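> Fold the following, please.
(3 chains)
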Amino acid sequence: MTWLTLLLDVQDTSAASYLPIAIQLIFAAGFVAAMIGMSALVGPKRQTKDKLETFTSGITTHGDARQPMAIKYFLVAILFVLFDVEVIFFYPYAVNFRSLGWAGFVEVLMFVGFFLIGFTYIIKKGALTWED
Amino acid sequence: MTILALDWFLLIEKLILIAIIIFASLGVALYTTFAERKVAAILQDRPGPNRAGPFGLLQPLADGLKLITKEEIIPTHANKWLFILGPGLAMTAALMTCAVVPWGGTIEVLGHQVDLQIADVNIGILYVFAVVSMGVYGVMIGGWASNNKFSLMAALRAASQAISYELAMGLSLIALLMVTGSLSLRTIVEQQVGHVWNIVYQPLGFLIFFICALAECNRTPFDLPEAENELNFGYHQEYSSMKLGFYLFSEYINMFISSTIMATMFFGGYDLPFVTSHLSIPGTAAIVGIVVLMAKVVMFIFLFMWIRWTIPRFRYDQLMDLGWKKMIPLALANMLVTGFFILWHQNNWHF
Amino acid sequence: MAITHIIFWFLTALALVSALMVLLSKNPVYSVLWLIAVFFAISGHYILLNAQFLAIVNMIVYAGAIMVLFLFVIMLMNLDKETEPQKDIWMKVAGVISGGCLLIQLVRLAKDAPEMVNKTALLKTGSIGLIENLGKVLFSDYVVPFEISSVLFLSAMVGAVVIGKK
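Purely as a prediction, here's the structure:
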């Protein structure tokens, strides 16, 4: 077990500043759970079959909502994942870019260049056009 | 006390701070609903809520009480646990964003220096992003679990909109980051105290961030997930009681926190120009700081409302076009131009 | 027992239980949610290792982006009992065997790796996980992989569009 004690000796790093966030998470989740539980206890319970039907403004429902949807949403989600990773790459650059100088700037320009090629391809192919 | 090697004073201090900030943001959200109704009333030339208490000031409390005491409805076709989890997640995520915001300077309590900030994380902005991206789940899970076609469609719209504008938001902040060189919100504010606010260097970045904030909070003109003439009521149409309340509250808390973050990053946070850097008594400085920050936040919240009651809603294709084809290239260009000029300036205007 | 020990064991238990629940849940939406819990626990571990940037990126990219995509796919699919493909018993056996082989390999590698024998994680000096240091290394020593990754993104975009437009 000695390796573990060594492993966990992190008192003097800035990682300790995340502890309040953990406390806040417990606090917030506890508050939310308590409020939902309380409103379930306090409110009246007069449930009828009609009341628990799916609400569609009085029209009879046809099937349920477990059916395939337009592929466009799916495409947006894929492109979001890709773009998100690219955006994340810029953060470590932006923190260091003064010391990296022009060399770093050219590297990022190349990266953005590839990014833009992909972006124009997407737009030219009409992957982001919503009106049919 | 030797069982856990902990700084108990720090723990209790943080716990009190967390409780104050969470309940304060709930209170602000509660009264923002009231302000929204009053602002709408003024803009539409009618009195607005004025029966409960003087000037209708007790109205939000009555609304809150009503939400708690309403009947809980879980539709028979809904997925019960996910149906409860959805609003819970949305609210928890909304309550987590405030952790990295510096609400003021430092105050002294019982001989201890207490920072008016829950956690001074050195990558504060990224933390905000992480929490914002978690907020999508609340809406998606709630809309899907309702097993209602309108809810599902609204949830998909909300999620697509949120993720699309997250990208432009992230890009617009990189330019700001190039100016400040730090991701810690505390450092960003301290740089602005006694100097020029970041808005001077990043007007375009702020504009992009503001538009994205409108979209992230589902505010008009981007309130497509709640377009009632197309989708009945939106992703929360099967909800009642406190679960509905959580969805509505989380939107108001998000609006409050995004106003705070805009004030912090672009408008000097708790800095009052020409005054804050000359205040010698630390306690007063902190209190002035909180008041100043709140004044800025109220301005932004009013701006949000003004826009809501003035501008009509976009169509969904317009929304997606704006997000992907205009905001992202604009933010990217802003980032490169900012970087170019800072490097050029750093090398004394030589290459 | 220090507070970090408690947090470490709690996060470990959370990660393992959630990972098991990913496999055991009947409903794929629950699986995705448990997977998000796994990522949370792993982010917690990263913070204990002082890899703060990695922790947040893990949250943003894995828990915030890739899981949204998973959820989209699952919600967009038709999830009726009838359309669910029936899995062959032999498929399951093959899956167990191949997964078991992978596990044995990983354990063996981890046990014998020269980086890990008689060593502990670099904690007192371990600040490489902070954003400044990571950026310096990424944009000086690892520029070529960084640029290649942009080509990878380009091909991924093309792939997504080609599949999506069919």
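
> Does B:Gln44 touch B:Thr310 like I think?
No - with contact defined as CB atoms under 8 Å, B:Gln44 does not reach B:Thr310; the gap is 10.8 Å. C-beta coordinates here come from the backbone N, C-alpha and C atoms, glycine included.

> so whichever residue of the stretch 1-150 of chain B sits closest to chain A, which of the three states?
At 3.9 Å from chain A, B:Leu95 is the closest residue in the stretch 1-150 of chain B, using CB to the nearest CB. Of the three states, B:Leu95 takes helix under DSSP: H, G, I helix; E, B strand; the rest coil.

> Helix or strand: which one has the nearest residue to it once chain neighbours are set aside?
Among residues not flanking B:Leu95 along the chain, A:Ala28 sits closest, at 3.9 Å (CB to CB, 6 or more residues apart in numbering or on different chains). Assigned by DSSP states H and E, A:Ala28 falls within helix A:19-42.

> and the angle for the lengthiest helix in chain B with helix A:19-42?
Longest helix of chain B, by residue count under DSSP state H: helix B:8-43. Calculated by axes from the mean of the first three to the mean of the last three CA atoms, to 10 degrees, helix B:8-43 forms an angle of 60 degrees with helix A:19-42.

> Please see if helix B:8-43 touches chain A.
Yes - applying CB under 8 Å from any CB of the partner chain, one finds helix B:8-43 in contact with chain A at B:11, B:14-15, B:17-19, B:22.

> Can you flag the buried ones in the residues you listed?
By neighbour count, with 16 or more other CB atoms under 10 Å in any protein chain shown, the residues of helix B:8-43 next to chain A hold B:14, B:17-18, B:22 as buried.

> Need the nearest residue in space to the residue of the stretch 101-250 of chain B found nearest chain A, chain neighbours excluded.
Chain A sits closest to B:Met242 of the stretch 101-250 of chain B, with a gap of 3.5 Å, by CB to the nearest CB. Nearest non-adjacent residue to B:Met242, counting by CB to CB, 6+ apart: A:Ser39, 3.5 Å away.

> Quick one: name the residues of the stretch 51-200 of chain B near chain C.
Near chain C, when you scan the stretch 51-200 of chain B using CB under 8 Å from any CB, you find B:79, B:82, B:85, B:121-123, B:126-127, B:129-130, B:133-134, B:136-137, B:140-141, B:144, B:152, B:156, B:159, B:163, B:183.

> B:Ala93 and chain C: what is the separation?
Note on B:Ala93: its distance to chain C, by CB to the nearest CB, to the nearest Å, is 11 Å.

> Any figure for the gap between that residue and B:Ala159?
13 Å (CB to CB, to the nearest Å).

> Neighbour count: these two, which is higher?
Between B:Ala93 and B:Ala159, counted using other CB atoms under 10 Å in any protein chain shown, B:Ala159 has the larger neighbour count: 26 against 23.

> Roughly how far does the more buried one sit from A:Met69?
To A:Met69, B:Ala159 is 11 Å away according to CB to CB.

> What of C:Ile6?
Taken as CB to CB, the span from C:Ile6 to A:Met69 is 44 Å.

> Show the model's pLDDT score for C:Val61.
pLDDT, C:Val61: 89.

> tally of neighbours for the residue of chain C found nearest chain B?
Nearest to chain B, among the residues of chain C, is C:Gly64, at 3.0 Å (CB to the nearest CB). Using other CB under 10 Å, C:Gly64 has 28 other residues around it.

> Also the one 3 residues further on?
Other residues near C:Met67 number 21, with proximity taken as other CB under 10 Å.

> What helix or strand is whichever residue of chain C sits closest to chain A located in?
The nearest approach of chain C to chain A comes at C:Gly135, 3.0 Å away (CB to the nearest CB). Taking DSSP H and E as the criterion, C:Gly135 maps to helix C:131-140.

> what's in contact with the next helix or strand after that helix?
Tracing the chain past helix C:131-140, the next element assigned as helix or strand by DSSP H and E is helix C:143-165. Helix C:143-165 is contacted from outside by A:71-72, A:74-75, A:78-79, A:82, A:85-86, A:89, A:107, A:110-111, A:114-115, A:117-119, A:121-122, A:125-127, C:138-139, using CB atoms under 8 Å, 6 or more residues apart in numbering or on different chains.

> re earlier: from the middle of its chain, how far away would the helix holding C:Gly135 be?
Using CA atoms, centre = their mean, to the nearest Å, the mean C-alpha position of helix C:131-140 is found 22 Å from that of the whole chain.

> orientation of that helix relative to helix C:143-165 in degrees?
Going by the same axes, to 10 degrees, helix C:131-140 makes 90 degrees with helix C:143-165.

> quick one: is stretch A:114-131 near chain C?
Yes - contact of stretch A:114-131 with chain C (CB under 8 Å from any CB) involves A:114-115, A:117-119, A:121-122, A:125-127.

> Quick check: buried residues in that stretch?
With burial defined by 16+ other CB under 10 Å, the residues of stretch A:114-131 counted as buried are A:114-115, A:118-119, A:122-123, A:127-128, A:130.

> and it, what's its mean pLDDT?
Mean predicted lDDT for stretch A:114-131 stands at 84.

> Excluding chain neighbours, what is closest to B:Gly138?
The nearest residue in space to B:Gly138 (CB to CB, 6+ apart) is B:Ala90, at 2.8 Å.

> ok, the one you found - contacts?
B:135, B:138-139, B:142, B:246-247, B:250.

> From the chain's centroid, how far away is the helix or strand encompassing it?
Assessed by DSSP H and E, B:Ala90 sits inside helix B:80-96. Centroid separation for helix B:80-96 versus its chain: 17 Å, with CA atoms, centre = their mean.

> How much space separates C:Ile36 from A:Lys125?
32 Å.

> before we move on, what about A:Leu116?
Relative to A:Lys125, and taking CB to CB, A:Leu116 is found at 15 Å.
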